[in-house]
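**Student:** can you look at this prediction? I've put the sequence above it.
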Amino acid sequence: MAGTTARVDLDGNTISPMTICMIGAGGFIGSHLCEKLMSETPHTVLAVDVYNDKIKHLLEPDSLPWSGRIQFHRLNIKNDSRLEGLIKCSDLTINLAAICTPADYNTRPLDTIYSNFIDALPVVKYCSENSKRLIHFSTCEVYGKTIGSYLPKDSPLRQDPAYYILKEDTSPCIFGSVEKQRWSYACAKQLIERLIYAEGAENGLEFTIVRPFNWIGPRMDFIPGIDGPSEGVPRVLACFSNNLLRREPLKLVDGGESQRTFIYIKDAIEAVFLMIENPARASGHIFNVGNPNNEVTVRQLAEMMTQVYSKVSGEDAIESPTIDVSSKEFYGEGYDDSDKRIPDMTIINKQLGWNPKTSLWDLLESTLTYQHRTYAEAIKQAIAKPSAN
Ligand SMILES: NC(=O)c1ccc[n+]([C@@H]2O[C@H](COP(=O)([O-])OP(=O)(O)OC[C@H]3O[C@@H](n4cnc5c(N)ncnc54)[C@H](O)[C@@H]3O)[C@@H](O)[C@H]2O)c1
Ligand SMILES: O=C(O)[C@H]1O[C@H](OP(=O)(O)OP(=O)(O)OC[C@H]2O[C@@H](n3ccc(=O)[nH]c3=O)[C@H](O)[C@@H]2O)[C@H](O)[C@@H](O)[C@@H]1O
C-alpha cells in the first residue's frame, strides 16, 4: 500500500514524502498524475483547478485509502490571492493550467496568450521568490514546423533526420506569420519557457520544463454534446472518438497528411514521476516526452482508430469512414499546422533512463475501450432524443 514501503530515487536515496501544489490538476494529465500519486506514493497533493469532474473519484468518499492526502482547491489562478499561500506551503509546484485545444488558438488568440503566458507569470514569480521547485508544462508545439518542411518537396534532405528530429537543445522554433494565429499558443509557451529559463539563470529558480508530444488516453478532453459543448472542437483523439461513437465519417483536415507521434498517457506519466522524485537529475532541464516509434499521418490514425473501434465495439465500420475537410472550414481563418513531430530522446534517456513502452495499436485499444464503455450509451440516448419528441 502507498506509503508503507520506502521509495528510492534513481540514485538509491530514500524519497521523503512531499507536498505538491498541482495547478490544472482537474484536467486530462492532472487527473492521471493525481491518480498515480495517490495510489503509489505517500505524497500529498493540493489540487488546484476550476473544475474537478475528472478527479472526483479521488476526492470522495472519506474512506478512500489516500483520504487526507489530496485536497481540492477550486480557484482560478487569474485572480486568486490564495495561490501564493498554496505554493508557499508546498515543496514542489506543477503547472498544467492552460488553454490547449488548437480550435481555440486562432479563434480566441487573446484568451490563449493570456492563459499560456500572462496567467503563468505569478506561478513562476511565487516559485522563484519563495525558492520553490517548479515543473512547468510547455508543449512540443514550441518547435513549430520542421526545417525539412521548407525544403523542396523532392529534396532528398527531407529524409535526413537532421532536418526533422526535434531536439531540446539545438532545434529552432519555427512558427508561421503573425496572421497565422494558430501560433499564438506556441509563441506564448515559448516565451514562458524563456522566462522560466531566465529565472533559473539569474535568480536560481529550480525548474524543469516538460514538452509533451501528443499524449493521449482516457479522460482526454470531452465528447461534444455529452460532457462538453455540442459545438466544441476538442483535440483529435476526442474528435475521432466522437465521430466513431456517432457512426459519422472522421474528418481529415487538409487531407490528413500531417504527421504526429502519439504516446500513451500512462507511459508519459512514468516520465513525470521520475522528474518529481529525482530533482537532482531533472532540475535545469527541458525534456521532450513522446514516443518516436508511434509515428503516423492523421489519415493513418483515422484508419487505425476505425479498425480498433470496430474490434472493441463489435460494430462494422460505416461505408465511407473518412471525409476530407479544409482547415478553413474546420478551424476557421488563421489555422496552420505542424507538419511532423518526432522527439529526440537523448536528454531524457541520459538524465532519467526513461523510455515509452506502449504501441499505438495497444494504446488505442485500451483508450477506445474506455471511450465505448463511457460514452456509447449516452450517445445512443442523445441521438434517440430528437426523434422521440
Ligand atoms: N495532452 C497533451 O498531449 C499535451 C501536449 C502538449 C502540452 N500539453 C500541456 O500540458 C498541460 C495540461 O494539458 P491537458 O491535456 O491536461 O489539458 P486540460 O485542458 O485537460 O487540463 C488543463 C486544466 O487546467 C485548468 N485551468 C486552465 N486555466 C485555469 C485557471 N486559470 N485556473 C485554474 N485552472 C485552470 C483547466 O480547467 C483544466 O482542467 C497544458 O499546459 C498543455 O498545454 C498537453
Ligand atoms: O498534443 C500535443 O502534443 C500538442 O499538440 C496539440 O496540437 P495538435 O497535435 O495539432 O492537435 P490535435 O487536435 O491533436 O490534432 C492533430 C492533427 O489532427 C488534425 N485533425 C484534428 C481533428 C480532426 O477532427 N481532424 C483532423 O484531421 C489536425 O489538423 C492536426 O493535424 C495541441 O496544441 C496541444 O494539446 C498540445 O500542446
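**Tutor:** On my side now, so go ahead. Residues are numbered from 1 along each chain as shown. Ligands and ions are numbered 1, 2, ... in the order given.

**Student:** would you map the helices across the stretch 251-389 of the chain?
**Tutor:** 265-277, 279-282, 298-313, 327-331, 346-352, 360-388 (DSSP state H, counting those that start in this stretch).

**Student:** report the buried residues of the fourth one.
**Tutor:** Along helix 327-331, the positions that meet the burial threshold by neighbour count (16 or more other CB atoms under 10 Å) are 327, 330-331. Placement of C-beta: from N, CA and C, glycine included.

**Student:** which strands or helices does it pack on?
**Tutor:** strand 250-253 (3 or more CB pairs under 8 Å, 6 or more residues apart in numbering; DSSP states H and E).

**Student:** distance between the strand it packs on and the chain's centre?
**Tutor:** How far strand 250-253 lies from its chain's middle: 21 Å, per CA atoms, centre = their mean, to the nearest Å.

**Student:** quick one: strands adjacent to that strand?
**Tutor:** Counting by DSSP bridges, the strands paired with strand 250-253 are strand 322-325 (parallel).

**Student:** who touches the strand it pairs with?
**Tutor:** 249-256, 299, 302-303, 306 (CB atoms under 8 Å, 6 or more residues apart in numbering).

**Student:** next: stretch 360-373.
**Tutor:** Stretch 360-373 has contacts (CB under 8 Å, 6+ apart) with 216-218, 220, 223, 237, 241, 244-245, 262-264, 294, 296, 301, 304-305, 308-309, 311-313.

**Student:** greatest separation within the contacts of strand 322-325: which pair is it?
**Tutor:** Spanning the widest gap among the contacts of strand 322-325 are 254 and 306, at 19.3 Å by CB to CB.

**Student:** endpoints of stretch 211-227, how far apart?
**Tutor:** Using CA to CA, to the nearest Å, the end-to-end distance of stretch 211-227 comes to 27 Å.

**Student:** need the residues of the stretch 251-389 of the chain near ligand 2, please.
**Tutor:** Counting by CB under 6 Å from any ligand atom, the residues of the stretch 251-389 of the chain close to ligand 2 are 251-253, 256, 258, 260, 298, 337-338.

**Student:** what residues does this structure put near ligand 1?
**Tutor:** Taking CB under 6 Å from any ligand atom as the criterion, the chain approaches ligand 1 at residues 24, 26-30, 49-51, 76-78, 96-98, 100, 115, 119, 137, 139, 212, 214-215.

**Student:** can you do 5 Å?
**Tutor:** 24, 26-29, 49-51, 76-78, 96-98, 100, 137, 139, 212, 215 (CB under 5 Å from any ligand atom).

**Student:** going by residue numbers, what spans are helices in the stretch 101-250 of the chain?
**Tutor:** When assigned using DSSP H, counting those that start in this stretch, the helices of the stretch 101-250 of the chain occupy the ranges 102-105, 109-116, 121-129, 184-203, 236-245.

**Student:** so the last one, near ligand 2 or not?
**Tutor:** Right, helix 236-245. Yes: counting by CB under 5 Å from any ligand atom, ligand 2 is contacted by helix 236-245 at 236, 239.

**Student:** and that helix, what does it pack onto?
**Tutor:** Judged by 3+ CB pairs under 8 Å, 6+ apart, helix 236-245 is in contact with strand 250-253, helix 298-313, helix 360-388.

**Student:** rounded mean pLDDT for the first one, please.
**Tutor:** The one in question is strand 250-253. Taken as a whole, strand 250-253 carries a mean pLDDT of 98.

**Student:** do the same with the longest one
**Tutor:** The average pLDDT within helix 360-388 is 92.

**Student:** ok, residue 248 - contacts?
**Tutor:** Contacts for residue 248 (CB under 8 Å, 6+ apart) come out as 242, 318.

**Student:** understood, closing this out.
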